[in-house]
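# Predicted model and sequence follow; I will ask about them next.
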Amino acid sequence: MPTITQLRASYQSGDLTPSDAIRSLAETIESRDPEIKGYISYDTEAALAEAEKVDLSLPLGGVPIAIKDVINVKGQPCTCGSKYLAENYTAPYDAGVIKKLRAAGAIPFGRANMDEFAMGSSTENSAIQTTRNPWDTSRIPGGSSGGSAAVVAADEAIAALGSDTGGSIRQPAALCGCVGLKPTYGRVSRYGLVAFASSLDQIGPMTQTVEDAALLLQAISGHDSHDSTCIDEPVPDYSSFIGQDIKGLKVGLPKEYFAEGLDSGVKSAVETAIQQLESLGAEPVEISLPHTEYAVATYYIIATAEASTNLARFDGVRYGHRSENAGNLIEQYHHSREEGFGEEVKRRIILGTYVLSSGYYDAYYIQAQKVRTLIRKDFTDAFEKVDLIASPVTPSPAFKIGEKSDDPLAMYLADIYTISANLAGICGISVPCGFTATDDGKQLPIGLQLLGKPFGEGELIKAAHAYEQATDWQKLA
Ligand code: GLN
């Protein structure tokens, strides 16, 4: 599949029109997606109608972008991977990022599968279907933006949008061998993103190359008066960070991120990547993020508390599923939620309600907020000494479908390297850094994570691009 840059070049030279691109994409989806199951739906006719009137002079003129099925696109379904919304919900408005994409000339095309309401790490929590990892279809693509990563990796999309609350852009990007960037909290509007945990959620690009991630980030960043947490600060020219050298860049290596529990294949690929950064002129510095061991517990208190509140709006009255087996209003609430939500969503609502309930609020929720401050301070202190932090994205490569289904705790623990960035609100990127072989001879991609200072997306792009150009993982992926 052409990258965004390549596609734009073939439009400019007249070799291709946006309609050609949409048609060939639709053909590829038709032939591959029955196996990959990356898309919940796609509307070729609507995309072709948009392609007819697109302005090719715009930065993303005529570029189709797959959208995670949690971001509202007016007139299209938005299931959030849930039975609750799959039946009868059509988005009544465009999300902030979709308005910005359209203003840049892009065409939202295809609704990418995800874990229900973005809760999960494998897409197995999708009520619609489980997406397959294109590198080994017996394995998960990661999650919750597993559909977005899989369709980019399977050449079924040029690029995609995902959302990241605790790693959901970076982790599937790592497991599928594409680039995934989680912007700083407040960089990108959350208006029209169905909320999971509002203090952690961010939308970001999932692409084939770092350059494409810069282009897509440029298009979706910036103020939106509909999201009070979206900052009103100028957006740098991210493409200007492409092609810069990284001599003297101080790269922190948190010792807690290279400790026990890290798969040896992942470890050696990430260590080799760090040596490569060094040979490009970066200076590795050992650092400590001492509160890392509390990150998983802190995240799963704060995220579930916010989820339990956010998901209260699904009451069987306003949107989506409404139970037909209810004799009165209270029963309607109960039965609609009981029937509409999947097991993991219910687990999180129960956990979140518990930690917010009187008597437990101080012991869990308030305590977690305090630890969150400490985790954030770990990063503030680290960024006094270093420009960027490098680490693995995941403790192990993609696992087999069903392998962790009965063990939610094991699934949660595997979020260890990604969730702290959300708790601290900083930005991060996953860039392909190698492969590890399975027993049956399949190659599974591995990601290198780079974490940056608040609003330091430019530095991330600079380092990730320099690394990408010096290696050929991207080409193999
Ligand atoms: N895996 C994490 C969770 O299940 C992160 C999800 C996300 O980032 N949306 O909550």
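Looks like it came in fine. Numbering: from 1, shown residues only.

# alpha carbons only for contacts and neighbour counts from here, please
OK.

# Give the residue farthest from the middle of the chain.
Gly327 (40.7 Å; CA atoms, centre = their mean).

# Quickly find the element holding it.
Assigned by DSSP states H and E, Gly327 belongs to neither a helix nor a strand.

# hey, where'd the helices end up in the stretch 151-300 of the chain?
For the stretch 151-300 of the chain, the helices defined by DSSP state H, counting those that start in this stretch cover 170-176, 210-220, 264-279, 295-310.

# which one of those helices is the most hemmed in?
helix 170-176 (a mean of 35; mean count of other CA atoms under 10 Å).

# which bits of the stretch 151-300 of the chain sit near the ligand?
Counting by CA under 6 Å from any ligand atom, the residues of the stretch 151-300 of the chain lying close to the ligand are 164-168.

# Buried ones only from those residues, please, as a PyMOL command.
Filtering these down to the buried ones (16 or more other CA atoms under 10 Å) takes a single PyMOL command:
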select buried, resi 164+165+166+167+168
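
# if we can go back for a sec, could I get the helices of the stretch 151-300 of the chain as a markdown table with mean pLDDT and distance to Arg8?
Rendered in a markdown table, the data for the helices of the stretch 151-300 of the chain read as follows (pLDDT from 0 to 100; distance: least, CA to CA, whole Å):
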| stretch | mean pLDDT | distance to Arg8 |
| --- | --- | --- |
| helix 170-176 | 98 | 23 |
| helix 210-220 | 98 | 11 |
| helix 264-279 | 97 | 30 |
| helix 295-310 | 98 | 39 |
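
# quick one on the thing from earlier: now the residues of the stretch 151-300 of the chain next to the ligand as TSV including distance to Arg347 and pLDDT?
Shown next, in TSV, are these (distance: CA to CA, whole Å; pLDDT from 0 to 100):
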residue	distance to Arg347	pLDDT
Asp164	20	98
Thr165	17	98
Gly166	17	98
Gly167	19	98
Ser168	19	98
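
# any idea which of the residues of the stretch 151-300 of the chain next to the ligand is closest to Ser145?
When those are ranked by distance to Ser145 (CA to CA), Ser168 comes first, at 5.4 Å.

# out of everything not next to it in sequence, what's closest to that closest one?
Ser144 (4.9 Å; CA to CA, 6 or more residues apart in numbering).

# Look up how far Ile301 lies from the one you found.
Per CA to CA, to the nearest Å, Ser144 is found 18 Å from Ile301.

# How about the contacts made by whatever residue of the stretch 351-477 of the chain ends up closest to the ligand?
Here the stretch 351-477 of the chain gets closest to the ligand at one residue, Asp415, 5.9 Å apart by CA to the nearest ligand atom. The contact partners of Asp415, by CA atoms under 8 Å, 6 or more residues apart in numbering, come to 166-167, 296, 394.

# how about a markdown table for those, with distance to Ile426 added?
Output for those, formatted as a markdown table (distance: CA to CA, whole Å):
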| residue | distance to Ile426 |
| --- | --- |
| Gly166 | 12 |
| Gly167 | 12 |
| Val296 | 17 |
| Thr394 | 18 |
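
# quick one, strands of the stretch 1-150 of the chain?
Secondary structure of the stretch 1-150 of the chain by DSSP state E, counting those that start in this stretch: the strands cover 39-41, 64-68, 107-112.

# Give me the below-cutoff pLDDT ranges for this protein.
Low-confidence segments of the chain, defined by pLDDT under 70: 475-477.

# Give me the residue at the spatial middle of it.
Ile169 (1.8 Å).

# Hmm, Pro183 and that one touching each other?
No. Using CA atoms under 8 Å as the test, Ile169 is too far from Pro183 to be in contact (10.0 Å).

# joint contacts of the two?
Gly204.

# From Glu283, how far out is the residue of the stretch 351-477 of the chain closest to the ligand?
Where Glu283 is concerned, Asp415 sits at a distance of 27 Å (CA to CA).

# and what of Ser145?
33 Å.

# Pick out whichever of the two has more residues nearby.
Ser145 (38 against 20; other CA atoms under 10 Å).

# Which of the strands of the stretch 1-150 of the chain sits closest to Leu216?
That would be strand 64-68 among the strands of the stretch 1-150 of the chain, by CA to CA, at 9.3 Å.

# Doesn't Gln367 belong to a helix?
Yes. Under DSSP: H, G, I helix; E, B strand; the rest coil, Gln367 sits within a helix.

# ok, which residues in the stretch 351-477 of the chain are in contact with the ligand?
Residues of the stretch 351-477 of the chain found near the ligand (CA under 6 Å from any ligand atom) are Asp415.

# which residue ranges form the strands in the stretch 351-477 of the chain?
For the stretch 351-477 of the chain, the strands defined by DSSP E, counting those that start in this stretch cover 388-392, 427-437, 443-452.

# how about those strands in TSV, adding mean neighbour count?
As requested, these are exported to TSV (neighbours: other CA atoms under 10 Å):
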stretch	mean neighbour count
strand 388-392	25
strand 427-437	26
strand 443-452	26
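
# Can I get those strands in TSV including distance to Pro254?
Formatted as TSV, the strands of the stretch 351-477 of the chain follow (distance: least, CA to CA, whole Å):
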stretch	distance to Pro254
strand 388-392	7
strand 427-437	15
strand 443-452	11
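
# out of those, nearest to Gly352?
That would be strand 427-437 among those, by CA to CA, at 25.6 Å.

# Show me what the closest one packs onto, helices and strands only.
helix 170-176, strand 179-182, helix 264-279, strand 443-452, helix 457-470, helix 473-476 (3 or more CA pairs under 8 Å, 6 or more residues apart in numbering; DSSP states H and E).

# With distance to Glu35 as extra columns, can I get the ones you listed in a markdown table?
Shown next, in a markdown table, are the helices and strands packed on strand 427-437 (distance: least, CA to CA, whole Å):
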| stretch | distance to Glu35 |
| --- | --- |
| helix 170-176 | 15 |
| strand 179-182 | 22 |
| helix 264-279 | 27 |
| strand 443-452 | 18 |
| helix 457-470 | 29 |
| helix 473-476 | 21 |
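
# of all those, which lies closest to Gly248?
Nearest to Gly248, of all these, is helix 264-279, at 9.2 Å by CA to CA.
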